[in-house]
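S.K.: Sharing a model that was predicted from the sequence below.
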Amino acid sequence: MDINFNKNEDRNKLLASELKKRLTKVKLGGGKVRLDKQHALGKMSARERIDYLLDNSSKSIEIGAFAGDDMYKEHGGCPSGGVVVKIGFIKGRQCIVVANDATVKAGAWFPITAKKNLRAQEISIENKLPIIYLVDSAGVYLPMQDKIFPDKEHFGRIFRNNAIMSSMGIVQISAIMGSCVAGGAYLPIMSDEALIVNKTGSIFLAGSYLVKAAIGEDIDNETLGGAETHSEISGVTDYKAKDDKDALDTIKNLIDKIGDPKIAGFNRKKPIKPKSKEEDIYGILPGSRTEQYDMLEIIHRLVDNSEFQQYKEGFGKTILTGYARIDGWSVGIVANQRKVVKTKKGEMRFGGVIYSDSADKATRFIANCNQKKVPLVFLQDVTGFMVGSKSEHGGIIKDGAKMVNAVSNSVVPKFTVIIGNSYGAGNYAMCGKAYDPRLIVAWPSAELAVMSGNSAAKVLLQIEKASLKKKGEEISSEKEAELFSKIKKRYDNQISPYYAAAHLWTDAIIDPLETRNWISMGIEAANHAPIEKAFNMGVLQV
């Protein structure tokens with residue numbers, strides 16, 4: 001191993017270690033004091049409930065662990081968006097579980113909470129996965145009600161989705177394991193079946209204080225909307241549980257009786273580990289986002305037996321396309337090549353840049369995968385499309401549009417892994433969040449933005465200088481350097497993978513060694529949803 005490999009390895013292992021530290025902190029939710037309070041009430045925490053419910057927590061993947069990270073500081077923060085979401089197996093059946101974290105503002109809904117719940121429902125709808133709601137929430141966080149209540153993608157969309165999902169035959173089961181108030185009361189009762197935990201669970205449109213204020217009636221919350229009331233008087237709930245574990249055991253029994261789903265029929269064989277050492281990824285991936293490396297070396301450490309059948313290997317070399325297996329599943333891979341390549345004509349091509357021939361190759365390959373019902377995996381390390389007169393005269397806009405068209409209209413499930421750069425239109429063409437990947441994850445080395453921090457800072461500096469000059473201010477070289485540093489620092493914070501994860505632009509930040517598991521879990525989920533639409537690119541300029 002050379003010295004660069006060792007330096008890369010050290011840096012990427014430090015990034016992986018930092019990721020683990022951050023996850024450990026996030027998993028404490030509202031903190032140890034509030035967790036202890038939850039236990040004192042005889043209640044399990046949100047994560048304990050999910051771990052107890054799933055067959056094997058190690059086979060699960062968590063969506064949006066960093067949602068809300070470093071947001072809402074003036075309100076005390078909102079770790080994980082106040083809700084935990086995992087995809088895992090219950091009695092051998094793959095499901096998605098959504099659990100309010102009552103240690104975070106009593107499980108109240110912030111704007112990011114609604115966005116994360118909607119993402120969970122989107123995953124359930126796309127993959128026809130049963131969804132379990134473990135409800136323990138005080139309802140909308142009132143100081144921010146204007147940012148969560150009235151709009152299309154706000155709180156009410158959750159209940160609309162409940163109804164749509166029920167009509168689609170997607171199983172929804174809710175357990176009321178704590179507070180369930182006001183509009184939030186509709187979520188569990190719009191599910192197919194609802195459980196309530198005795199003495200700790202309650203559900204009502206208005207609590208006792210509001211009832212007293214509104215109509216003058218004196219009544220306690222338990223009599224108003226506790227387990228006995230709704231299981232034996234109103235009939236609102238279907239099952240009464242004596243405690244959290246009893247409720248979760250009931251859910252297991254219900255899931256165990258669901259009939260087998262139709263499947264999409266994606267090709268899978270017995271999984272084989274990569275022949276090349278997976279841990280070498282740490283040494284291959286360079287520390288600087290401008291350094292070159294061979295993406296083939298990464299692919300060989302992600303795919304079964306390190307076998308990758310390249311499509312159009314000698315053409316459009318700044319994008320790699322080809323077939324492989326990941327954990328036994330057949331996949332088509334579209335990846336940005338990050339080393340300088342040479343064409344047959346002797347032209348040198350920049351790594352990570354999409355050229356006309358690369359876009360054309362990718363478009364054709366995506367169409368082939370749709371024809372053959374092969375899921376697509378995008379490995380992003382892209383700075384954008386090639387610019388300049390030669391590219392413009394060669395029709396780069398048209399070829400780029402064709403690639404974006406193919407990605408947009410693809411009917412096979414798509415999965416995106418952001419390895420390094422994810423800049424500008426390159427993010428779009430390589431199946432960024434806006435293009436409906438079933439799952440989109442980032443490695444700790446990822447950066448997401450319109451352009452790199454250095455480039456953006458230079459542009460923003462020119463704008464700032466022009467503004468100051470109009471005001472008659474002279475800019476010394478020292479002042480210019482200070483301004484540049486300040487602008488770049490602010491911009492670099494925004495291109496961090498943690499910033500993207502906080503806003504749910506990605507589903508997770510993952511250790512590179514978890515990539516195979518995430519893609520495998522994603523394809524297994526997608527296999528529950530047969531493809532019902534033909535691939536059609538519509539009107540296309542050729």
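M.R.: Received the coordinates, thanks.
S.K.: what ranges do the helices span in the stretch 201-350 of the chain?
M.R.: Using DSSP state H, counting those that start in this stretch, the helices assigned to the stretch 201-350 of the chain run over residues 208-215, 221-225, 227-232, 244-256, 281-284, 295-299.
S.K.: Quick one: closest of those to Phe110.
M.R.: helix 208-215 (21.5 Å; CB to CB). No exception for glycine: its C-beta is placed from N, CA and C like everyone else's.
S.K.: any chance of the helices of the stretch 201-350 of the chain in JSON lines, plus mean pLDDT?
M.R.: Below are those laid out as JSON lines (pLDDT from 0 to 100):
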{"stretch": "helix 208-215", "mean pLDDT": "86"}
{"stretch": "helix 221-225", "mean pLDDT": "90"}
{"stretch": "helix 227-232", "mean pLDDT": "93"}
{"stretch": "helix 244-256", "mean pLDDT": "98"}
{"stretch": "helix 281-284", "mean pLDDT": "97"}
{"stretch": "helix 295-299", "mean pLDDT": "98"}
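S.K.: Tell me which of those helices lies nearest to Lys262.
M.R.: Evaluated with CB to CB, these place helix 244-256 nearest to Lys262, the distance being 17.5 Å.
S.K.: Give me the contact list for the closest one.
M.R.: With CB atoms under 8 Å, 6 or more residues apart in numbering as the test, helix 244-256 has contacts from 42-44, 49, 52-53, 90-91, 93, 95, 130, 132, 171, 173, 175, 177, 193, 195-197, 200, 239, 241.
S.K.: So which of those belong to helices?
M.R.: Judged by DSSP state H, those include 49, 52-53 as members of helices.
S.K.: Of these, which is the most crowded?
M.R.: Neighbour counts for these, by other CB atoms under 10 Å, peak at Leu53, which reaches 28 neighbours.
S.K.: any idea how far Leu254 is from the nearest residue to that one once chain neighbours are set aside?
M.R.: Leaving aside its sequence neighbours, Leu53 sits nearest to Leu248 (CB to CB, 6 or more residues apart in numbering; 4.9 Å). Leu248 sits at a distance of 11 Å from Leu254 (criterion: CB to CB, to the nearest Å).
S.K.: Looking at these two now, which is surrounded by more residues?
M.R.: Counting neighbours by other CB under 10 Å for Leu248 and for Leu254 shows that Leu248 has the greater number, 26 against 20.
S.K.: so Ala264 touches Ala525, yeah?
M.R.: No. Judged on CB atoms under 8 Å, Ala264 makes no contact with Ala525 at a distance of 10.3 Å.
S.K.: neighbour-wise, which of those two wins?
M.R.: Neighbours per residue, other CB under 10 Å: of Ala264 and Ala525, the larger number sits with Ala525, 23 against 19.
S.K.: and the more buried one, what is it in contact with?
M.R.: With CB under 8 Å, 6+ apart, Ala525 has these contacts: 87, 94, 123, 127, 129, 438.
S.K.: repeat that for 10 Å
M.R.: Counting by CB atoms under 10 Å, 6 or more residues apart in numbering, Ala525 makes contact with 61, 87, 94-96, 123-124, 126-129, 413, 438-439.
S.K.: How confident is the prediction for it, by pLDDT?
M.R.: Here, the pLDDT recorded for Ala525 equals 98.
S.K.: and it, what helix or strand is that in?
M.R.: Here Ala525 sits within helix 515-526, counting by DSSP states H and E.
S.K.: What residues of that helix count as buried?
M.R.: Within helix 515-526, the residues that qualify as buried are 515-526, counting by 16 or more other CB atoms under 10 Å.
S.K.: circling back: if we take the contacts of Ala525, which one ends up nearest to Gly420?
M.R.: Leu439 (18.4 Å).
S.K.: burial of that closest one, as a residue count?
M.R.: There are 25 residues near Leu439, going by other CB under 10 Å.
S.K.: Find the nearest non-adjacent residue to it, please.
M.R.: Leaving aside its sequence neighbours, Leu439 sits nearest to Gly522 (CB to CB, 6+ apart; 4.4 Å).
S.K.: Next up, the contacts around the nearest residue to Asn56 once chain neighbours are set aside.
M.R.: Distances taken as CB to CB, 6+ apart place Phe89 nearest to Asn56, at 6.8 Å, with adjacent residues excluded. Applying CB under 10 Å, 6+ apart to Phe89 gives the contacts 53-57, 59-60, 95, 255, 521, 524.
S.K.: Now flag whichever of these is closest to Asp507.
M.R.: Nearest member of the contacts of Phe89 to Asp507, counting by CB to CB, is Met521, at 11.2 Å.
S.K.: wait, what's in contact with that closest one?
M.R.: Per CB under 10 Å, 6+ apart, neighbours of Met521: 59-61, 87-89, 94, 327, 415, 439.
S.K.: so who does the closest residue to His75 other than its chain neighbours touch?
M.R.: Of all residues not flanking His75 in the chain, Pro143 sits nearest, at 6.5 Å (CB to CB, 6+ apart). Taking CB under 10 Å, 6+ apart, we find Pro143 in contact with 72, 74-75, 105, 108, 110.
S.K.: Ok, Ser179 next?
M.R.: By CB under 10 Å, 6+ apart, the neighbours of Ser179 are 100, 102, 106-108, 135-139, 185, 200-204, 207, 221, 225.
S.K.: and it, what element?
M.R.: strand 172-180.
S.K.: Just give me how far whichever helix or strand comes after that strand sits from the chain centre.
M.R.: The element immediately downstream of strand 172-180 (helix or strand, assigned by DSSP H and E) is helix 186-189. In terms of CA atoms, centre = their mean, to the nearest Å, the centre of helix 186-189 is found 25 Å from the chain centre.
S.K.: for stretch 75-95, same thing?
M.R.: Relative to the chain's own centre, stretch 75-95 is displaced by 12 Å; criterion: CA atoms, centre = their mean.
S.K.: Same check on stretch 92-104?
M.R.: On CA atoms, centre = their mean, the centre of stretch 92-104 falls 15 Å from that of its chain.
S.K.: Any of the contacts of Pro143 buried? List them.
M.R.: For the contacts of Pro143, a neighbour count by 16+ other CB under 10 Å gives the buried set as 72, 105, 108, 110.
S.K.: a markdown table for those residues, including secondary structure?
M.R.: Shown next, in a markdown table, are the buried ones among the contacts of Pro143 (DSSP: H, G, I helix; E, B strand; the rest coil):
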| residue | secondary structure |
| --- | --- |
| Tyr72 | coil |
| Lys105 | helix |
| Ala108 | coil |
| Phe110 | coil |
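S.K.: Max pairwise distance over the residues you listed: which two?
M.R.: The distance between the two most remote of those (CB to CB) is 11.0 Å, for Tyr72 and Ala108.
S.K.: Let me have the helices of the stretch 201-350 of the chain in CSV, extended by distance to Gln462.
M.R.: Putting those into CSV (distance: least, CB to CB, whole Å) gives the following:
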stretch, distance to Gln462
helix 208-215, 56
helix 221-225, 61
helix 227-232, 64
helix 244-256, 58
helix 281-284, 36
helix 295-299, 33
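S.K.: So for Glu392, which of these sits nearest?
M.R.: Glu392 sits nearest to helix 295-299 of all the helices of the stretch 201-350 of the chain, at 26.5 Å, using CB to CB.
S.K.: ok, back up a step: if I look at the residue nearest to Asn56, how far off is Asp256?
M.R.: Distance, Phe89 to Asp256, by CB to CB: 11 Å.
S.K.: tally of neighbours for the nearest residue to Ile123 once chain neighbours are set aside?
M.R.: The shortest distance from Ile123 to any non-neighbouring residue, by CB to CB, 6+ apart, is to Ile96 (5.7 Å). Ile96: 22 surrounding residues under other CB under 10 Å.
S.K.: Run through the bridge partners of Ile96.
M.R.: Applying DSSP bridges to Ile96 gives these bridge partners: Ile87, Ile131.
S.K.: Any idea how many residues pack against Ala466?
M.R.: By other CB under 10 Å, the residues close to Ala466 number 9.
S.K.: How about the secondary structure of it?
M.R.: Recorded secondary structure, Ala466: helix (three-state DSSP).
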